[in-house]
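> My questions are about this predicted structure, shown below with the sequence.
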Amino acid sequence: MYLENHGNESATFDITVVRTATNETVHDQSYVLDPEEDREVYNTNESISDGIETVAFRWAAANETGTVEITTNDCYGNAYVTIREDGTAESTYSIC
């Protein structure tokens with residue numbers, strides 16, 4: 001999971017990563033990013049070695065919340081939470 005701050009103020013991102021099958025929280029942390037800063041905060045390829053699994057990335061940033069679910073396989077890439085230039089938050093993920 002990557003965080004990106006394209007806004008003009010520092011932003012706090014609260015990130016929780018949950019293995020969907022077991023409802024196990026495997027990551028729960030807050031991050032503060034300066035304007036124009038980006039950071040990788042969780043890598044499913046390194047942390048989930050049990051094969052194919054669905055993971056929920058729950059996030060809160062800029063007074064908004066969301067969830068991105070991905071399945072750890074070759075076709076899914078990374079999840080992203082972004083603060084846009086107008087200060088609003090959005091999430092997405094890459095897929096082939």
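Arrived safely.

> Okay, strands next: where are they in this protein?
Using DSSP state E, the strands of the chain run over residues 2-5, 11-19, 24-33, 38-40, 54-61, 64-71, 76-83, 89-95.

> Dump those strands into TSV; add mean neighbour count and mean pLDDT as well.
C-beta coordinates here come from the backbone N, C-alpha and C atoms, glycine included. TSV is the format used below for the strands of the chain (neighbours: other Cβ atoms under 10 Å; pLDDT from 0 to 100):
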stretch	mean neighbour count	mean pLDDT
strand 2-5	21	98
strand 11-19	19	96
strand 24-33	13	96
strand 38-40	11	96
strand 54-61	20	95
strand 64-71	14	93
strand 76-83	21	88
strand 89-95	14	90
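
> quick one, phi psi at residue 22?
Backbone torsions for residue 22, taken as degrees, to the nearest 10, come to phi -110, psi -10.

> just residue 72 next, same as before
According to degrees, to the nearest 10, residue 72 has phi -80, psi 90.

> OK, contacts around it?
44-45, 48, 51-55 (Cβ atoms under 8 Å, 6 or more residues apart in numbering).

> So for those, which is the shakiest by pLDDT?
Note: of these, the lowest pLDDT belongs to residue 48, at 63.

> Residue 17 bridge partners, please.
residue 27, residue 57 (DSSP bridges).

> Confirm for me that it is in contact with residue 42.
Yes - Residue 17 lies in contact with residue 42 (Cβ atoms under 8 Å); the separation is 5.4 Å.

> Spell out which residues are contacts of both of the two.
Joint contacts of residue 17 and residue 42 (Cβ under 8 Å, 6+ apart) are 1, 27, 57.

> Out of these, the closest to residue 10 would be?
Proximity of the shared contacts of residue 17 and residue 42 to residue 10 (Cβ to Cβ) peaks at residue 1, which lies at 19.0 Å.

> mind checking pLDDT for the closest one?
pLDDT recorded at residue 1 is 92.

> Neighbours of it, how many?
When neighbours are counted by other Cβ atoms under 10 Å, residue 1 registers 23.

> That'll do, ta.
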